[in-house]
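**Student:** Turn this into a model:
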Amino acid sequence: MGSVVVFAPSPGLTVTVEDVDGGPDIHFHAGGQGVWQARMLTGLGASVTMCSVFSGETGTVIRHLIADEGVQVVPVEGQGSSGAYIHDRREGSREVVAENAGEKLTRHDLDELYGQTLKAGMDAGTVILSGAVREDAVPADVYRRLAADLGTAGCRVIVDLTGDRLTAALEGGVTVAKIADDELTESGRASSDGPEAIIEAMHALHEEGAGTVIVTRAHLPSLMLHEGELSQIRVPEMQSVDTHGAGDSLTAGVAATLADGGSMHEAVVLGTAAGALNVTRHGLGTGEEGAIRNLTKLVTVSAYQAEEPSADQQVSPEELARKVWKQ
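**Tutor:** Residues are numbered from 1 along each chain as shown. Purely as a prediction, here's the structure:
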């Protein structure tokens, strides 16, 4: 596998309480979108560098935990404290006990982080821009500038972002934008979760600056818009214990494949398999490489075929008018 840089501005610390033989088992992990992506990338055999800000005692712990997972850490020493949350899984589901989103990054921290990400990105050639827990931790324009500068330097830029961060990154230009259908509807980019509305939103994302667009759709086949062609990606549904981190595993699989010189078709197949296996485990961004690669044999990518709406599906007057007009 090739080399991938993960821009993870403010990773956090997760403290998990589980039940083992009737007693509490407490363990610590680094957490956050970028960490989960880096974890899966490492599991798939990629060489991973993470550029992040670490603040206070919590940041010191997070930094060591990430390094212990085989990730090369390029740190910025921040002010205040990094974020952390405690969750209890003794009843089988994830119950948040306490959460601290961490400090807003200072201008000095951001300047140093920006420079380190550019340097590492140009060395690796493939970069994932991940989000931060705090909405105001990093100005959205940082994503625009990073996407633009990394693209100018010849890097592949991959994002799994929402809201203003996604809009900014698209303005800078990205190789791949991955997003879930519910994120499209919640942000107003799609008028509904129906296939026509989602596909329309995908074309809009491409026009805004995404070379390839991948949309995950829970229990429905994922969709990919690549080089003007719309495809659907199917994989057998696995027994789920925790869906958190599945999308980040997909993003990691895509990045790992592209960094290794693979095609977009190969990338989405590996990413889909990684995401599918992730839901069978409690660990976010985890999965055995051998099992993931075996699962790729069950992933199919085919030209998109229009889906028939279910009997109880509501169709708005505007959508009905569009259908009639197209006929």
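**Student:** where does the stretch 151-300 of the chain dip in pLDDT?
**Tutor:** Residue ranges of the stretch 151-300 of the chain with pLDDT under 70: 238-245, 279-287.
**Student:** Run through the strands of it in chain order.
**Tutor:** 156-159, 174-180, 210-217, 220-226, 229-234, 300-303 (DSSP state E, counting those that start in this stretch).
**Student:** highest average neighbour count across the ones you listed?
**Tutor:** strand 156-159 (a mean of 28; mean count of other Cβ atoms under 10 Å). Every C-beta, even on glycine, is put in place using the N, C-alpha and C of the backbone.
**Student:** Tell me the helices and strands packed up against that strand.
**Tutor:** Judged by 3 or more Cβ pairs under 8 Å, 6 or more residues apart in numbering; DSSP states H and E, the packing partners of strand 156-159 are strand 126-129, helix 140-152, helix 163-172, strand 174-180, helix 246-259.
**Student:** Now tabulate the strands of the stretch 151-300 of the chain in TSV and tack on distance to residue 22.
**Tutor:** TSV is the format used below for the strands of the stretch 151-300 of the chain (distance: least, Cβ to Cβ, whole Å):
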stretch	distance to residue 22
strand 156-159	44
strand 174-180	37
strand 210-217	37
strand 220-226	40
strand 229-234	41
strand 300-303	44
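**Student:** ok, back up a step: the helices and strands packed on strand 156-159: which one's closest to residue 69?
**Tutor:** Shortest distance between residue 69 and these, using Cβ to Cβ, is found for helix 246-259: 13.0 Å.
**Student:** Give me the buried positions along stretch 41-57.
**Tutor:** 41-44, 46-56 (16 or more other Cβ atoms under 10 Å).
**Student:** Looking at those, which two lie furthest apart in space?
**Tutor:** Within these, 44 and 56 form the most distant pair, 31.7 Å apart (Cβ to Cβ).
**Student:** Of the buried residues of stretch 41-57, just say which sits nearest to residue 112.
**Tutor:** Distances from residue 112 to those, taken as Cβ to Cβ, are shortest for residue 53 (8.3 Å).
**Student:** three-state assignment of that closest one?
**Tutor:** The three-state label given to residue 53 by DSSP: H, G, I helix; E, B strand; the rest coil is strand.
**Student:** isn't it right up against residue 105?
**Tutor:** Yes - applying Cβ atoms under 8 Å, one finds residue 53 in contact with residue 105, separated by 5.6 Å.
**Student:** what do the two both touch?
**Tutor:** Both residue 53 and residue 105 are in contact with 9, 10, 78, 113, where contact means Cβ atoms under 8 Å, 6 or more residues apart in numbering.
**Student:** With neighbour count as added columns, please give the residues you listed in CSV.
**Tutor:** As requested, the shared contacts of residue 53 and residue 105 are arranged in CSV below (neighbours: other Cβ atoms under 10 Å):
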residue, neighbour count
9, 28
10, 29
78, 25
113, 25
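**Student:** Nearest to residue 89, out of the strands of the stretch 151-300 of the chain?
**Tutor:** Residue 89 lies closest, by Cβ to Cβ, to one member of the strands of the stretch 151-300 of the chain: strand 174-180, at 23.1 Å.
**Student:** just checking, what packs against the closest one?
**Tutor:** On a contact count with 3+ Cβ pairs under 8 Å, 6+ apart, strand 174-180 meets helix 140-152, strand 156-159, helix 163-172, strand 210-217, helix 246-259.
**Student:** so where's the longest helix in the chain?
**Tutor:** Longest helix in the chain by number of residues (criterion: DSSP state H): helix 107-124.
**Student:** now it and helix 246-259, what's the angle there?
**Tutor:** Per axes from the mean of the first three to the mean of the last three Cα atoms, to 10 degrees, the angle that helix 107-124 makes with helix 246-259 is 50 degrees.
**Student:** Quick one: residues in contact with helix 107-124.
**Tutor:** Residues contacting helix 107-124 (Cβ under 8 Å, 6+ apart): 2-5, 7, 9, 47, 49, 51-53, 74, 76, 78-79, 105, 127, 138-139, 142, 145-146, 149-150, 153-155, 259.
**Student:** Now do that helix against helix 140-152, angle only.
**Tutor:** Put simply, helix 107-124 runs at 20 degrees to helix 140-152, going by the same axes, to 10 degrees.
**Student:** List the buried residues for helix 107-124?
**Tutor:** For helix 107-124, burial by neighbour count (16+ other Cβ under 10 Å) applies to 109, 110, 112, 113, 114, 116, 117, 118, 120, 121, 124.
**Student:** For PyMOL, what selects the buried ones among the contacts of helix 107-124?
**Tutor:** Buried members of the contacts of helix 107-124 can be picked out in PyMOL with the line below, counting by 16+ other Cβ under 10 Å:
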select buried, resi 2+3+4+5+7+9+47+49+51+52+53+74+76+78+105+127+138+139+142+145+146+149+150+155+259
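**Student:** Thanks again, I'm all set now.
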